[in-house]
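1. Quick one: sequence and predicted model below, then my questions.
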Amino acid sequence: MKKFLLFLTIFALFFATAMAQEFYPTTVADLNATVRIFGTGNTISGLATGESATFQAMTFQESQFQDVNVISETLYINGKILKPGYVEDRFGNKYVKFMITENGDFNYEIIAKVHSYARLLSLNDYNLSKVPTEVKEFLLPSEKIESASIPILTLAENKLPQQSFISTLTNTIAWVNDYVDYASGSDFQKYYELQQSAVQTLIDRKGVCDEFANLAASLLRAKGIPTRIAIGVTFDGSKWGNHAWIEVYHKDYGWIPSDPTFRETGFVDATHLRMGSFSDVTESKAKCFYPEGANCKIVNQPSTEVTIESKTYFSNVSIAPLEAAQLNALSWNTLPITITNLTNSKITVPVKMLENYKELLIQDSKKGIILGPSESAQVTFRVYPDINLGPNEFAEGNITFNTLNGPYTQQFKIGAANQSYDGDVIVQDITPIADGKNLKIAIKVTNYYPIPKDIAIDISPSLGINSTETLAPFETKIIGKVITPYEETPYKITITTPKTKVSTTLFAETAKDITVEEIPDAPGTITVVSDNNVPGPQQPLLSPELIVIIAIILIGLVAFAYFLRKPRYV
C-alpha cells in the first residue's frame, strides 16, 4: 500500500508541474496588453562636430486585427532623452526616427497599449490562376524565400498538387508545422540569430519562427498565392518574445494572417501583436544612417516585456464532455473527442493534445479539421501509457486539449494490464529535396511498437538503392535515399511496413525559366510562368546609345555625391 501511495504521489506531482503554464496561445481570441520594446547595447561613434546620424526602428501601428495607443517612444543617450519623428517604408510600415548629434551608447524604448483580436473568416475558395497586379511583388522570390528555385518548385509540385486556395494554404501550414522541428536548447539561439532561408530550412528540417515562415512563404508563392512576412510579438505558451508569421492575399479579404509555427490557418490568435510586414524578413531590421568616418552599431534583436491586462478565450467550437477515460498501461488506447462548430461559417479548427507527460506517448498530438456551419466531427488520439503498474496499482490525471475555445481538460485513469506488443509503423512523410544533380528522398517513419520492427524501401525505376531498415521501439527515424544524377521523370517509392504498403510517385523538377508576366486578356492580374517557352525579349524602349549616355551621367552624379558624403546602412 505504501508503494502505491508513493507512486501516486510522484505521478501527481509530475502532472502538477506539467500543468503550470499560464495558457496556450491558440485558445486566445481577444487580448489587452501593455507592451514594452527596448533595444540596448547600440553605439554611435566617429561623429564630428556638426554631424548627425539617424536611427530608426519599427513601432506599433493599427491594423484590421489590432488597436494601438502609443504611450512613449524614446531614445536615451548620454543622459539625454530624444523624441522621434516618423517615417514609413514602401510597405506602409511605421518607424520612429531619431536624430543623433553626439557619440555614445544609446538605448531606445517603445511602450504601447495594444488591443488585439482574432478574426475567423469564412474563406471562399477559388482556383489559383490570377491575382491583382499590385501584389505581384509577393509572388517573386526574395533573399530568404527562394520560391523560384528547383528545390521549392519540386517540393510544391509534390506536396501541393491542388489549385485550390484553401487546400493549398491548409496543407502548407500543416506540412511545414510537421516537417520543421522547433529548435531548442543551444540550437535555439543559433537559429534565432541565423534567419535561415527556405531552401536551407528544407535541408536542415530545423529552425524557429523565421524558418517556419520562410519555408511556408516559398511554397505558397510557388503555387501562386502572394505571401508576405509579418513580424511582431507573441506568446509561446510560457513566455513572450519576438515572432514572425505570414500573411497571404485572398481575392475577397485582402491580406489575412496564418502561422505555420502555431499551425494556425487563415487566422492568428490574439497573442500575435503585429508591428509590420515585408516581402522578406531581412527588410525588418532597425536602420542607422551616418556620415563617412562615423560608425553605428545596432543590436537588431530588441527585448520584449508584455503585461496582460485582460484576455478572452475563443468560443467558436465546443468539445462534448466525456466520462473519465480508462486507459490500460503498456498498451495503445484511443481517446475520441467530438468537436462542434458553433459558428455560421466554415472554419479551420486546430486541435492539440499537450505533450507534457513523458509517461504518456501520443501517436499524433496535432490535428486539424475543417468544419462547416454547425458541423460536428470526431477527432481521435492514440496514447500509450509507458508505465509499469502492479495488479493493485493505478494512476490518474488530466489531459489538456487546446482548440478554438478555452482549454478543455479530460480526466483519465490508468490501470494495470498485460503488456501488448501490438502497434503500427507509420510513414509520416516522404519529401523530395532537389539539390544540384542530387535528388534526396527524405522518409520520416515512426515505429509505434514496443519492439523493433523492419520496413522495406523500394524505389523504381530500380537504382540499386533499395533497402531494409530497422526501427527501435517507439523510434522516429528520417531515412535518406539519394538519386544521382536524377532526371525529370516520375519515381515510384514503395514502403512496406508490418501491416501496410505505402506507395507514392514523386516528380522532380529540373532547371526552367521562371518569370512573372501580366496577363494580356485580364488587366490588373498576373500569372506565374514556369516554362522554357517564355516569349523572347521585346524591343527596348531606349536605344543602346541613349542608355550609354544616361549611364555616364548617373555615374558622374553618384561619384560626386560619394565624395561629398557617403551615408551607410546597418
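-> Looks like it came in fine.
2. From here on, just use CA atoms for contacts and neighbour counts.
-> Noted.
3. quick one: low-confidence parts of the chain?
-> For the chain, the stretches with pLDDT under 70 are 1-22, 462-463, 510-570.
4. which residue ranges form the helices in it?
-> Listed in chain order, the helices of the chain (DSSP state H) span 2-18, 150-159, 165-179, 186-194, 198-204, 209-222, 544-564.
5. Need the CA coordinates for the shortest one. PDB is fine.
-> Put plainly, it is helix 198-204. Output of helix 198-204 as PDB, limited to C-alpha atoms (Å, rounded to 0.1, in the frame of the first residue of the first chain):
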ATOM      1  CA  ALA A 198      13.500  28.400 -47.200                       C
ATOM      2  CA  VAL A 199      15.900  26.100 -49.000                       C
ATOM      3  CA  GLN A 200      18.300  25.800 -46.100                       C
ATOM      4  CA  THR A 201      15.300  25.100 -43.800                       C
ATOM      5  CA  LEU A 202      14.100  22.400 -46.200                       C
ATOM      6  CA  ILE A 203      17.600  20.800 -45.900                       C
ATOM      7  CA  ASP A 204      18.100  21.300 -42.100                       C
END
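6. what's that helix in contact with?
-> 144-146, 151-152, 180, 207, 211-212, 214-216, 218, 433 (Cα atoms under 8 Å, 6 or more residues apart in numbering).
7. Apply 7 Å and report the result again.
-> 144-146, 151-152, 207, 211, 214-215, 218 (Cα atoms under 7 Å, 6 or more residues apart in numbering).
8. again with the third one
-> The list of residues contacting helix 165-179 from outside it, by Cα under 7 Å, 6+ apart, reads 125-128, 160, 162, 205, 212, 216, 260-261, 263, 265.
9. what's the nearest residue to residue 75 if we skip its chain neighbours?
-> Nearest residue to residue 75 in three dimensions, chain neighbours excluded: residue 108, at 4.2 Å (Cα to Cα, 6 or more residues apart in numbering).
10. cool, residue 266 as well?
-> Counting by Cα to Cα, 6+ apart, residue 258 is the residue found nearest to residue 266 once chain neighbours are left out, at 5.1 Å.
11. buried stuff in stretch 283-295?
-> 284, 286-291, 294-295 (16 or more other Cα atoms under 10 Å).
12. can you check stretch 408-421 too?
-> Buried residues in stretch 408-421 (16+ other Cα under 10 Å): 408-410, 412, 414-416.
13. Kindly report the same for stretch 436-453.
-> 439-450, 453.
14. same thing with stretch 370-383?
-> Buried residues in stretch 370-383, counted by 16+ other Cα under 10 Å: 371-372, 375-376, 381, 383.
15. Tell me which two in the residues you listed are the farthest apart.
-> 372 and 383 (28.2 Å; Cα to Cα).
16. can you give me the strands for the stretch 51-200 of the chain?
-> Assigned by DSSP state E, counting those that start in this stretch, the strands in the stretch 51-200 of the chain fall at 53-58, 66-77, 80-82, 85-88, 94-100, 104-117, 131-132, 181-182.
17. out of those, nearest to residue 427?
-> Once the strands of the stretch 51-200 of the chain are compared by Cα to Cα, strand 181-182 is nearest, at 17.1 Å.
18. How about the contacts made by residue 419?
-> Here residue 419 is in contact with 330-331 (criterion: Cα under 7 Å, 6+ apart).
19. now stretch 205-216, how far from the chain's geometric center?
-> 5 Å (Cα atoms, centre = their mean, to the nearest Å).
20. Next, count neighbours for residue 346.
-> 18 (other Cα atoms under 10 Å).
21. hmm, I was thinking of residue 422
-> Here the count is done by other Cα under 10 Å, and residue 422 has 12 residues near it.
22. who are the neighbours in contact with the closest residue to residue 387 other than its chain neighbours?
-> Nearest residue to residue 387, sequence neighbours excluded (Cα to Cα, 6+ apart): residue 329, at 5.9 Å. Contacts for residue 329 were tallied using Cα under 7 Å, 6+ apart; they are 385-388, 414-417.
23. Show me those that map onto strands.
-> Per DSSP state E, strands hold the following members of the contacts of residue 329: 385, 414-415.
24. Show me how the record splits this structure into domains.
-> Using automatic domain parsing, the domain parsing of the chain gives 28-117+285-313, 131-268, 315-415, 425-507.
25. right, so of those, which gets closest to residue 279?
-> Per Cα to Cα, nearest to residue 279 of the domains of the chain: domain 131-268, 4.9 Å.
26. how far does the closest one stretch from start to finish?
-> Distance across domain 131-268, first residue to last, is 23 Å (Cα to Cα, to the nearest Å).
27. now stretch 357-364
-> Start-to-end, stretch 357-364 (Cα to Cα) is 14 Å.
28. For it, what is the distance to the chain centroid?
-> 24 Å.
29. List the contacts of that stretch.
-> By Cα under 7 Å, 6+ apart, stretch 357-364 touches 18, 381-387.
30. Let's see that with 6 Å instead.
-> Residues outside stretch 357-364 that contact it (Cα atoms under 6 Å, 6 or more residues apart in numbering): 382-386.
31. Ok, stretch 59-66 next?
-> 68, 95, 115-117, 275.
32. Just send those residues back as CSV, with distance to residue 475 and neighbour count too.
-> Shown next, in CSV, are the contacts of stretch 59-66 (distance: Cα to Cα, whole Å; neighbours: other Cα atoms under 10 Å):
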residue, distance to residue 475, neighbour count
68, 48, 16
95, 49, 23
115, 44, 22
116, 41, 26
117, 40, 22
275, 41, 19
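33. Identify the farthest-apart pair in those residues.
-> 95 and 117 (22.8 Å).
34. Identify the bridge partners of the residue nearest to residue 242 when sequence neighbours are not counted.
-> In space, and not counting its chain neighbours, residue 242 is closest to residue 233: 4.6 Å by Cα to Cα, 6+ apart. For residue 233, the beta-bridge partners are residue 242, residue 273 (DSSP bridges).
35. quick one: contacts for residue 233?
-> With contacts defined as Cα under 6 Å, 6+ apart, residue 233 is in contact with 241-243, 272-273.
36. List just the nearest of the contacts of stretch 357-364 to residue 343.
-> Of those, the one sitting nearest to residue 343 (Cα to Cα) turns out to be residue 382, at 28.3 Å.
37. Identify the residue spatially nearest to the closest one, adjacent ones excluded.
-> Per Cα to Cα, 6+ apart, closest to residue 382 is residue 334, 4.6 Å.
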